[in-house]
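> can't give you the sequence, but here's the structure:
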């Protein structure tokens, strides 16, 4: 009986498309909190030579998922050998460069984030398990799941940049403040 139960556990996928979509929404919501807290007059702040401004970084975050939606959704490419990256990336990069107000960037983050999460949600485990060949001389093949998870990971990477930028602007990031508040509450409860 125990072996039968273990065999069933081994065949279960514990993290599927719905989980990926849910977690992407959490990541995007945290990015939006940062975008809302940074004053619009600081959106032109560039933390270092060659780095994106706050506005450019938010625009990048708001559009970068489009490559994955094209690759895995529209094209359903199973190999990147000979894939015309610039035909896809060029228009995305051009879109990133459009000037936008703070309100427009936040609206874009919300709308585009929901588009991507809604794209992820219905994907089957079979589709997510499909392997995609990387360009010749590149990495070994990757599953669609791994490649789609990378979109969330990239946003978390860029959100880390935004958090450091907030510190450079003399601000405390919202997640740091929340952690500090929880710690203060625990310390106060401990003193009672």
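Happy to help now that I have it. Computed from a prediction, not measured in an experiment: that's the story for all the values here.
> ok, residue 14 - how many residues close by?
Neighbour count of residue 14, defined by other Cβ atoms under 10 Å: 6. Using the backbone N, CA and C atoms, a C-beta is placed for each residue, glycine as well.
> Sorry, wrong one. I was asking about residue 104.
15.
> who's in contact with residue 27?
152, 155-156, 159 (Cβ atoms under 8 Å, 6 or more residues apart in numbering).
> Let me know the closest of those to residue 184.
Taking Cβ to Cβ as the measure, residue 184 lies nearest residue 159 of those, at 23.7 Å.
> out of the contacts of residue 27, which is most surrounded?
Compared across the contacts of residue 27, residue 155 has the highest neighbour count, 23 neighbours, by other Cβ under 10 Å.
> Is it correct that residue 134 is in contact with residue 146?
No. Applying Cβ atoms under 8 Å, one finds residue 134 not in contact with residue 146, separated by 11.0 Å.
> So which of these two has more stuff around it?
A side-by-side neighbour count of residue 134 and residue 146, using other Cβ under 10 Å, places residue 134 first with 16 against 13.
> Once you drop chain neighbours, what's closest to the more buried one?
residue 80 (5.6 Å; Cβ to Cβ, 6 or more residues apart in numbering).
> Check what pLDDT that neighbour gets.
Looking at residue 80, its pLDDT reads 94.
> what's the spacing between it and residue 35?
Going from residue 80 to residue 35 by Cβ to Cβ, to the nearest Å gives 31 Å.
> and the residue nearest to residue 134, what is it in contact with?
Shown in contact with residue 80 (Cβ under 8 Å, 6+ apart): 132-135, 138.
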